[in-house]
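Undergrad: My questions concern the predicted model and sequence given below.
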Amino acid sequence: MAWKIDLVADIGESFGAWTMGDDNALLDVLTSANIACGFHAGDPQTMDRTVGQCVARGIGIGAHPSFPDLVGFGRRAMDLSADEVRTDVLYQLGALHAFTVAYSTTVSHVAPHGRLGNLVATRADYAAAVVDAVGSFDPNLIVLAQDGELADHARAQGIRVGIVGIVDRAYRADGTLVPRSEPGAVIHDPEVLARRAVRMVTEEIIESVDGTSLSVRPHTLLLHGDNADTVRNARAIRTALIAVGVHIVPLPEVLADRAGKENEPCPV
């Protein structure tokens, strides 16, 4: 069987004099990138530099919108209305779009960050707000999401969805992520990450913290770029996938390859 998968990471998350991650090295491993748009991290110079690096490598460029939470890195819950979520996402899409125009390229996908990214999986109002923003900006964008409200709302509006397998985060039995405040929420061991990635792609299974086997059909595998181990772990994952015959390809190619096959039964 010819397996195909996209590899994506959250990048461009430096701010001013503060550097987050080694984006330049990480981009050598990826086929897509989620770029911070200034609300949780990122600034104009970082966005400009990151878009330029992606263009030079042929990496798919995605917007990574967040709650307006620089202090909390977008990981705190905020009591925003759905319309505030819609306009905040639209604003951030516009910011990244300016830099893609400057480099004669386009935004290809959108992936909500942090607490917003968690909430759109379960809150229908926030999910609809993100989809409304995407639809009014460019309905040809791909929405990256876990299975849940955001994916459902996007499909209902005819917007393509890329299901994300989050390799370096622990899952609960209901398919949601273990909160970062709990022990073991973030996985750092490269051997464990490599095994999880291979199983996600070749068996369509991820094991939850209680041992439950969850079915998952990811189009892309996500790593977070905000820790010192990310480049090492990304290389280990890519090497392990290639070793078992997985082809690392851009997200649109994965979606095109899966078209018409998504209704086939999962093995679990």
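TA: On my side now, so go ahead.
Undergrad: helix or strand for residue 201, which one?
TA: Element membership of residue 201 [criterion: DSSP states H and E] is helix 190-202.
Undergrad: who does that helix touch, helix- and strand-wise?
TA: Other helices and strands packing on helix 190-202, by 3 or more Cβ pairs under 8 Å, 6 or more residues apart in numbering; DSSP states H and E, are strand 161-166, strand 205-207, strand 220-224, helix 230-243. For every residue, glycine as well, the C-beta is placed using N, CA and C.
Undergrad: Export only the CA atoms of it, formatted as CSV.
TA: Provided in CSV are the C-alpha atoms of helix 190-202 (Å, rounded to 0.1, in the frame of the first residue of the first chain):
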residue,chain,number,x,y,z
PRO,A,190,11.9,10.4,19.7
GLU,A,191,11.4,6.6,19.6
VAL,A,192,7.9,6.8,21.1
LEU,A,193,7.0,9.6,18.7
ALA,A,194,8.3,7.7,15.7
ARG,A,195,6.3,4.6,16.7
ARG,A,196,3.2,6.8,17.2
ALA,A,197,3.6,8.5,13.8
VAL,A,198,4.0,5.2,11.9
ARG,A,199,1.0,3.7,13.6
MET,A,200,-1.1,6.7,12.9
VAL,A,201,-0.3,6.6,9.2
THR,A,202,-0.1,2.8,8.5
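Undergrad: and that helix, what's its mean pLDDT?
TA: Averaged over helix 190-202, pLDDT sits at 95.
Undergrad: Would you indicate which residues of that helix are buried?
TA: 190, 193-201 (16 or more other Cβ atoms under 10 Å).
Undergrad: got CSV for the residues you listed, with distance to residue 224 too?
TA: Output for the buried residues of helix 190-202, formatted as CSV (distance: Cβ to Cβ, whole Å):
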residue, distance to residue 224
190, 14
193, 11
194, 16
195, 18
196, 14
197, 14
198, 19
199, 19
200, 16
201, 19
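Undergrad: How are the helices of this structure distributed by residue range?
TA: 23-26, 44-57, 82-102, 114-119, 124-137, 149-156, 190-202, 230-243, 251-258 (DSSP state H).
Undergrad: so of the ones you listed, which one's packed in deepest?
TA: helix 114-119 (a mean of 24; mean count of other Cβ atoms under 10 Å).
Undergrad: rewinding a little: got CSV for the helices of the chain, with distance to residue 182 too?
TA: What follows is the helices of the chain, written out as CSV (distance: least, Cβ to Cβ, whole Å):
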stretch, distance to residue 182
helix 23-26, 26
helix 44-57, 30
helix 82-102, 26
helix 114-119, 13
helix 124-137, 23
helix 149-156, 23
helix 190-202, 17
helix 230-243, 20
helix 251-258, 30
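Undergrad: quick one, which of the ones you listed is nearest to residue 180?
TA: Nearest of these to residue 180, taken as Cβ to Cβ: helix 114-119 at 9.4 Å.
Undergrad: Give the other helices and strands that that closest one contacts.
TA: helix 124-137.
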